[in-house]
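S.K.: Test case, fold it:
(2 chains)
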Amino acid sequence: MEYNFREVENKWRKFWAESKTFAAIDESDKPKYYVLDMFPYPSGSGLHVGHPLGYIASDIFSRYKRLKGYNVLHPMGYDSFGLPAEQYAIQTGQHPKITTEQNIARYRDQLDKIGFSFDWDREVRTSSPEYYKWTQWIFKQLFNAYYDYDQDKAVALDELIAKLEVEGNVNINACTDHEETFSADQWNAFSDKEKEQILQNYRLAYLADSWVNWCPALGTVLANDEVVNGVSERGGHPVEQKLMRQWSMRIKAYAERLLTGLETVDWTDSIKDQQRNWIGKSQGASVFFQIESSNDKIEVFTTRPDTIYGVSFMVLAPEHPLVAEITTDEYKSEVEAYVKQAGLKSERDRQADVKNISGQFTGAYAVHPFNGEKVQIWIGDYVLASYGTGAVMAVPCGDQRDWDFATHFNIPIINIFKDIDVSEAAYTEKDAVIANSDFLNDLPAKKAIKLAIYEIEKRGFGKGKTQYRLRDAVFSRQRYWGEPFPVYYTDEIPQVVGDDQLPITLPEVDKYLPTEDGEPPLARAEKSAWNQFFGDRMEYNTMPGWAGSSWYFLRYMDPKNDSEFVAKDKVEYWQNVDLYIGGSEHATGHLLYSRFWTKFLYDMDYIPFEEPFQKMINQGMILGRSSFVYRVKGENKYVSFGLKEQYDTTPLHVDINLVENDILDIEAFKNLKNSAVDSSSIAEFILEDGKYICGHEVEKMSKSKWNVQTPDDLVEKFGADTLRMYEMFLGPLEQSKPWDTSGINGVHNFLRKFWRLFHDREGNVIIDQGAPSKDALKSLHKTIKKIEDDLERFAFNTGVSNFMICVNELNDQKCNNKEILEQLVILMSPYAPHICEELWVKLGNKAGTLSYAEFPKYNEEHLKEANYHYPVSFNGKMRFKLELPTELTPKEIEAEVLAQEQAQKWLEGKDPKKVIVVPGKIVNIVV
RNA sequence: GCCUGGGUGGCGGAAUUGGUAGACGCGCUGGAUUCAAAAUCCAGUUUCUUCGGGAGUGCGGGUUCGAUUCCCGCCCCAGGUACCA
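M.R.: The predicted structure follows:
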């Protein structure tokens, strides 16, 4: 019987599902291991071969860990709230719930075919009320908490209120936007509304008017990480700045801990660096500059207080609140014109226009705090209102942007660096010695920074300060298909609903569009459409995509719990994720937000760890191979690849299913209806050798490029085990690589060869029950060692090669020994689980016991050889090999080698200068 | 510009601490089997060569008995980021 993968795979797929082979148990004497994949958004186009790459790797690792005696948690679910389903709903009127359910069913079907060992009883969907009940509950916890810097953790808001009632906010050291101080008496005299307005400045989830990224095309605000190069990440629509009342998350409070926590996790440097840059910590000082003949002061932030004597002007952002106030009458019209012009430019234009230096003098002067000199005050759009204080002290000798600005406007450049020429460019390194700077003279910059801060604080001009680039994250979206907030309004004061009222379910609406007054879609819901309705109205916004994904890894531990988001004993058993596999594109989104929520839940004592994902591997992208046809411009004529240079053509993507070995199926192409190409039957084709040859290019796999390869076709043709092994065989997991199916035959043939080790020509199982041969033991144990080492360092690709080598060797040895094959079956089962289950039973084992068998133990004894083939090199070049007993001493080896006739040939009669012998490795002779 | 990876045959890639460069697979060439094809099996496949051997892991140097691996300088590719004071 030949290897019938369809029969074998169907059988075991069914067996695993029915006997719940991979159900994880919440308590065990075994050590636990938690392997997690980034859960997918179930899109309408289904999975392509790039998606399961990471899932296959994590599945192999999960199966390996089970064999190694671990209690493995390996769940899967769906990040099922999101824009595409809603866009589809707007177009068709179909409820996004229905679209989402259909897509999930398709995903599940595709995932099942690949033979993953997920514990499906733990499946979560972020869009199900049973799940988002707890997303709402966590939101409530954030709403009812503030960040206390003295304890350096989040604390219940009740504690803050208790303090405010007794001592006001004077001694409160919290992360807040509230600047003014008030006493206990003042606090107690405030109305409820006033109190709430102040508390909003402390809450970790808060409502505030803030500048947000508004995307008119999507009709919603976006978080900073959802805006790429000034356009929306999804769809590439323009984004503008708008002042809106929005829910935000006070992630800023965690900036420092998000930074230091990175040192405790095993992630790639690239992702850690991206997070570090995103958090953007810089240390320096905030300094106040008195404005001449005014009571106002300008606060600046600088990382180089040591260069304060080099200040020759100041620059405010055009939006800075003091601009209008300080501008003299003489410059009023110019300044107003500049502010207006800067305001018209979008954030994107301003960023794109870096080389264009622009600015305007205000006519006002500040007083240098140390030497009392007059300092011109300018405005310029290279200073951003949103960073620091929106104002800078310009030190042209030490900052290139300031230097460019000074040079452009002919402002004097004061050199405060000893023996450094700043006539051509600023000197930005921190290794200079300070001069011309009174008390800082002759100090190296690093020491001068410390002394400058000390003096600034002593004289009361400012203080040392740490600044972060990280801004609070906007948490509301003006969309339908997301979690409703557990919030209602009374007299426009936001209130959270009681825990026993959760969840607030998504109400039905007549349309998934904003209302005519521009309110979000939920404003369309009738009062009766809400399952709970309180106050004057419910919150109309919904939560962003990252809400549900920020804590889903916790829910898998206890997915059906109706009274807690996760039971304490369960989270204490499973702890954090040991291995997380997913794409690196979530570096500053999901991966930062889930760290933030984890730290918060830790602070509130709900979970026992601070970092969600201990080790992470980012799988590379699988690239598609696109095919192209070349249309002659202005004509319905297509020219073959080799002849396209003779015409003026436009390359167009063509569906790769119509192309085989770069040859286009012209008939199928002509009959195409919904392709990117307009190809009516009257199209003309200019052929070469009677064929139409397509061009090709390697690029991202996507529907729009017509280069998508689905796993379904390949599973159908070669089977899941072949697909799993082939995806791993392509190359290192982390690297991006082109998808090319031509090699898949090789892997499939390997599995057939493996199958044949167990069968005779007629397909009867023939197993030798006797003692294994020495050679077979050697092949097996060599493989055990390699496979284990490779898996421990997540090198899944080399594992496949090693199985091939082993099967080739056993095949040459004509080995069908039970002991050998049984061990090999266990070893290979993480990679090719279906075929291995089948062979495991054929060897006489009980069905279903393979997944929890014992991983083979490597025994060095079997690799020991009496002889070793020494490679003999001359001057580092390998010349010949010599078989020698392994127990020889280096001296004996040297003598043996030099006695060889071949050695004499390479010595050419000379004496060797030196002979290096590394026993068991190499002999090198220096001539 | 800055940060992080990476550059090895026709292709995907291997070489784990400095020790036989090109494992394994694809493709290609030749052969066996077959009426034929598929499948299978065998041999070959970095390159140049006067068949002795020479060169060779992006380029140029260096350390070493020995470098794909370590150090210095450069080039190219991919991803990220960009007036952050």
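S.K.: Can you name the residue of the stretch 1-150 of chain A nearest to RNA strand B?
M.R.: Scanning the stretch 1-150 of chain A for proximity to RNA strand B using C-beta to the nearest atom of the strand identifies residue A:2 as nearest, at 8.4 Å. Where C-beta positions appear, they are placed from N, C-alpha and C, glycine not excepted.
S.K.: burial count for that residue?
M.R.: For residue A:2, the neighbour count with other C-beta atoms under 10 Å is 9.
S.K.: and residue A:213, what are its phi and psi?
M.R.: Backbone torsions of residue A:213, given as degrees, to the nearest 10, read phi -80, psi 110.
S.K.: cool, and residue A:152?
M.R.: phi 50, psi 50.
S.K.: hang on, the earlier thing: quick one: pLDDT of the residue of the stretch 1-150 of chain A closest to RNA strand B?
M.R.: pLDDT, residue A:2: 77.
S.K.: if I pick residue A:896, what's in contact with it?
M.R.: Counting by C-beta atoms under 8 Å, 6 or more residues apart in numbering, residue A:896 touches A:882, A:884, A:888.
S.K.: domain assignment for chain A?
M.R.: Listed domain ranges for chain A are A:19-138+A:549-618, A:281-468, A:622-696, A:713-857, A:865-926 (source: automatic domain parsing).
S.K.: and the closest residue to RNA strand B within chain A, what element?
M.R.: Chain A approaches RNA strand B most closely through residue A:746 (2.4 Å), counting by C-beta to the nearest atom of the strand. For residue A:746, the host element (DSSP states H and E) is helix A:744-756.
S.K.: same check, this time on residue A:470
M.R.: Per DSSP H and E: residue A:470 is located in neither a helix nor a strand.
S.K.: Then residue A:452?
M.R.: helix A:445-458.
S.K.: interface residues of the stretch 301-450 of chain A facing RNA strand B?
M.R.: A:301-304, A:317, A:350-351, A:353-354, A:381-384, A:387-390, A:392-393, A:399, A:401 (C-beta under 7 Å from any atom of the strand).
S.K.: in the helix holding residue A:452, what counts as buried?
M.R.: Residues A:445, A:448-449, A:452-453, A:455-456 are the ones in helix A:445-458 that count as buried (16 or more other C-beta atoms under 10 Å).
S.K.: chain center to that helix: distance?
M.R.: Distance, stretch centre to chain centre, for helix A:445-458: 39 Å (C-alpha atoms, centre = their mean, to the nearest Å).
S.K.: Make CSV out of the domains of chain A and add mean pLDDT and distance to residue A:262.
M.R.: Shown next, in CSV, are these (pLDDT from 0 to 100; distance: least, C-beta to C-beta, whole Å):
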stretch, mean pLDDT, distance to residue A:262
domain A:19-138+A:549-618, 94, 9
domain A:281-468, 89, 11
domain A:622-696, 74, 28
domain A:713-857, 91, 19
domain A:865-926, 81, 40
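S.K.: Put together a markdown table for those, with distance to residue A:152 on each row.
M.R.: Output for those, formatted as a markdown table (distance: least, C-beta to C-beta, whole Å):
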| stretch | distance to residue A:152 |
| --- | --- |
| domain A:19-138+A:549-618 | 9 |
| domain A:281-468 | 14 |
| domain A:622-696 | 43 |
| domain A:713-857 | 35 |
| domain A:865-926 | 54 |
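S.K.: A helix includes residue A:892, no?
M.R.: Yes: looking at residue A:892 with DSSP: H, G, I helix; E, B strand; the rest coil, it is inside a helix.
S.K.: What is the neighbour count of the residue nearest to residue A:437 when sequence neighbours are not counted?
M.R.: Of all residues not flanking residue A:437 in the chain, residue A:309 sits nearest, at 3.7 Å (C-beta to C-beta, 6 or more residues apart in numbering). A count of nearby residues for residue A:309, using other C-beta under 10 Å, gives 24.
S.K.: Could you do residue A:846 as well?
M.R.: Using other C-beta under 10 Å, residue A:846 has 8 neighbouring residues.
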